[in-house]
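J.: after the sequence you'll find the predicted model.
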Amino acid sequence: MRAMGGGIPETHTAQRFLHGNGGLRQAVGSENKYKGKKALIVGMGKSGVAALELMSSFGADMAVYDAGDPGRDPRTRDLIRASRARGFFGRTPPAERWDYIVMSPGVPSDLPFVTAAVAAGATLTGDLELAYELDRGIFIAITGTNGKTTTTALVGEMFRNAGIDSAVTGNIGEPAIRSALQAKRDRVLVTEVSSFQLETTSRFRPKIAAILNITPDHLDRHGTMECYGAAKAKVFANQRAEDFLIYNRDDEAVCRLVASGEAAKIPFSRTRRLDCGAFAEGGRIFLASGCGVPVDLAAVSDLRIPGVHNLENALAAAAIAHRGGVDPSVIAATLAEFRGVAHRMEPVDVIDGIRFVNDSKGTNPDASVRAIAAAQPQIVLIAGGYDKQADFRPFIRAFGGKVSHLLLIGQTADALRRTAEAEGFRGALICADMEECVERGFALAEPGDTVLLSPACASWDMYGGFEERGDHFKRLVGALRARKEEWREKQRDGRP
């Protein structure tokens, strides 16, 4: 790393920096707000469980709904009993007057009983809003179609390396409610937020908000790109002039979206020099403050996370951390050390010269396009899964001679094969399950090739989440490794 020089004055601690311009809101008295109120939690995943813990501790009259049976988990069952919550599992809650409807992010808010309750006067809310109302911690909120997890984890590492009291939360780590409950008032909460979480916010105001990119995703839920963008825009809707809005200057959809924001806008770009923000030029990464010489942080080649998409993530993280008071020297050192996150271009193994890479977090076509660009050719690609009404044509067109075979599973397998054939790609095969994909992938690949799991689809048709899907892939690769080692051992011993 080159020596730091010029441009950016020494920063204070993040707590002083973020409080400096009237950063914290006034407490809203959650304990009194929910006492005796009737609240229905819709969806009993991690965030729903956290919401039940919170609101029942504040004396709310609780009920919970889930299409399945969360009582199969002993801890959830015990919590429901302890909170004296009424349970509606696999059946519609009654048409009664609710004060609050608490939506879990994965559940659509247009369910008939939800819309009826809201029409009757219920307040619609969610885990992010509940966490914010606790008035504990300083929120940094990071959203976008792709790159949220990597950027959030990287920013969290920068704060940790700077010795700043902080936690990584939201869609990564603990639910935001739990992190906020455990936080002192000046702890920095680096929060990955989705469009689903933002939908149910009304007062949420992060001190720093970031929008990384906007590409088609979740259209089965949002319907149109306009509605999807409007949900993302809620991350900065309540910000004021003393707050910061970090945005991707290279993404025109993002630029249009943030034009209405009131916060101080800080861009990042991998294609152009900036007077203020983070940018890449001449193979190096810089921070600029609007005055003086930009700080030279590191060479792009120093990054240990591959691909131009991860350069964008690194630039966003640098801009966020700097506005949060992290010294440029710490930002630079973290960029050089960070090795990425699980399920995002995660190296799994190399067997007989064939690389296996887990990109299970590639849950939309654009994410998988980025993965293909970052992977080493030739690629045997495993894709398919839950149908989010995505257009797969750009995904197939991105193969560009790098993908030799496409192995397909899940709801979208047939649609992906038809799209591939229509685009002139003839190497698509439908497999019964992930095990067949791994076996076929290994058989089809040559030494030097990559077997890449990057599904371009969500996992909900076959798995409980992308983590479960990626972990299954890794176990299957591990089993393949064990069989190969056993075979080699038999060969060495002369056994049949």
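T.: Arrived safely, thanks for sending.
J.: only C-alpha atoms for contact and neighbour calcs from this point on.
T.: Noted.
J.: now do the strands in the stretch 51-200 of the chain.
T.: In order along the chain, the stretch 51-200 of the chain carries the following strands (DSSP state E, counting those that start in this stretch): 61-66, 86-89, 100-103, 123-126, 138-143, 166-170, 188-192.
J.: residue 486 is in what secondary structure piece?
T.: helix 466-493 (DSSP states H and E).
J.: which elements pack onto that helix?
T.: strand 346-351, strand 354-358, helix 434-444 (3 or more Cα pairs under 8 Å, 6 or more residues apart in numbering; DSSP states H and E).
J.: comparing the ones you listed, which comes out most buried?
T.: Comparing these by mean neighbour count (mean count of other Cα atoms under 10 Å), strand 354-358 ranks first with a mean of 24.
J.: how far off centre is the following helix or strand past that strand?
T.: Following strand 354-358 in sequence order, the next helix or strand is helix 365-374 (DSSP H and E). Its chain's C-alpha centre and that of helix 365-374 lie 15 Å apart, by Cα atoms, centre = their mean, to the nearest Å.
J.: also stretch 133-143?
T.: Computed by Cα atoms, centre = their mean, the chain-centroid distance of stretch 133-143 equals 16 Å.
J.: for it, measure first residue to last.
T.: Using Cα to Cα, to the nearest Å, one end of stretch 133-143 lies 20 Å from the other.
J.: do the same with stretch 245-260
T.: One end of stretch 245-260 to the other measures 11 Å (Cα to Cα).
J.: please identify which of the helices and strands packed on helix 466-493 is closest to residue 64.
T.: Nearest to residue 64, of all those, is helix 434-444, at 34.1 Å by Cα to Cα.
J.: which strands or helices does the closest one pack on?
T.: When contacts are defined as 3+ Cα pairs under 8 Å, 6+ apart, helix 434-444 sits against strand 379-383, strand 403-408, helix 466-493.
J.: what helix or strand does the nearest residue to residue 157 once chain neighbours are set aside sit in?
T.: Distance criterion Cα to Cα, 6 or more residues apart in numbering; nearest residue to residue 157, sequence neighbours excluded, is residue 334 at 6.9 Å. Here residue 334, judged by DSSP H and E, is contained in helix 328-337.
J.: what residues does residue 187 make contact with?
T.: Going by Cα atoms under 8 Å, 6 or more residues apart in numbering, residue 187 touches 15, 136, 137, 138, 165, 166, 167.
J.: in those residues, which has the lowest confidence score?
T.: Across the contacts of residue 187, the bottom pLDDT score, 49, is held by residue 15.
J.: and residue 82, what pLDDT?
T.: So residue 82 comes in at 93 (pLDDT).
J.: gap between it and residue 93?
T.: Distance of residue 82 to residue 93, computed by Cα to Cα: 20 Å.
J.: more neighbours: which of the two?
T.: Of the pair residue 82 and residue 93, residue 93 is the one with more neighbours under other Cα atoms under 10 Å, namely 18 against 11.
J.: hang on, the earlier thing: in JSON lines: the strands of the stretch 51-200 of the chain, plus distance to residue 400.
T.: Converted to JSON lines, those look like this (distance: least, Cα to Cα, whole Å):
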{"stretch": "strand 61-66", "distance to residue 400": "44"}
{"stretch": "strand 86-89", "distance to residue 400": "48"}
{"stretch": "strand 100-103", "distance to residue 400": "42"}
{"stretch": "strand 123-126", "distance to residue 400": "42"}
{"stretch": "strand 138-143", "distance to residue 400": "29"}
{"stretch": "strand 166-170", "distance to residue 400": "36"}
{"stretch": "strand 188-192", "distance to residue 400": "32"}
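J.: could I get the ones you listed as CSV with mean neighbour count and distance to residue 227?
T.: Shown next, in CSV, are the strands of the stretch 51-200 of the chain (neighbours: other Cα atoms under 10 Å; distance: least, Cα to Cα, whole Å):
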stretch, mean neighbour count, distance to residue 227
strand 61-66, 22, 26
strand 86-89, 18, 30
strand 100-103, 25, 18
strand 123-126, 21, 18
strand 138-143, 28, 15
strand 166-170, 26, 22
strand 188-192, 28, 20
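J.: which parts of the helix holding residue 486 are buried?
T.: 466, 467, 469, 470, 473, 474, 476, 477, 480, 481 (16 or more other Cα atoms under 10 Å).
J.: for the residue lying closest to the third one once chain neighbours are set aside, the count of nearby residues, please.
T.: Closest residue in space to residue 469, ignoring its immediate chain neighbours: residue 463 at 5.9 Å, by Cα to Cα, 6+ apart. Burial of residue 463, expressed as a neighbour count using other Cα under 10 Å, amounts to 15.
J.: tell me the spacing between residue 463 and residue 135.
T.: 36 Å.
J.: ok, residue 419 next?
T.: Taken as Cα to Cα, the span from residue 419 to residue 135 is 49 Å.
J.: who's more crowded, those two?
T.: residue 135 (22 against 19).
J.: got any ranges where the protein has weak pLDDT?
T.: For the chain, applying pLDDT under 70 flags the ranges 1-31, 71, 216-223, 291, 494-496.
J.: domain-wise, how is it divided?
T.: Following automatic domain parsing, the chain resolves into domains at 30-129, 136-337, 346-491.
J.: winner for burial among these?
T.: Highest mean neighbour count of the domains of the chain: domain 136-337, a mean of 21 (counted as mean count of other Cα under 10 Å).
J.: close enough to count as contact, residue 319 and residue 286?
T.: No - using Cα atoms under 8 Å, residue 319 makes no contact with residue 286, being 9.7 Å away.
J.: residues that sit against both of these two, list them.
T.: When Cα under 8 Å, 6+ apart defines a contact, the residues bordering residue 319 and residue 286 alike are residue 278.
J.: and residue 98, how far from residue 191?
T.: Residue 98 is 29 Å from residue 191, where distance means Cα to Cα.
J.: span of stretch 382-399 from start to end?
T.: Stretch 382-399 end-to-end distance (Cα to Cα) = 13 Å.
J.: contacting residues around it?
T.: Residues contacting stretch 382-399 (Cα under 8 Å, 6+ apart): 216-221, 364-366, 368-369, 372-373, 406-413, 416, 419-420, 423, 425, 437, 441, 451-462.
J.: for stretch 165-177, same thing?
T.: Contacts for stretch 165-177 (Cα under 8 Å, 6+ apart): 46-47, 50-51, 54, 127-128, 130-131, 149, 152-153, 156, 159-160, 179, 186-194.
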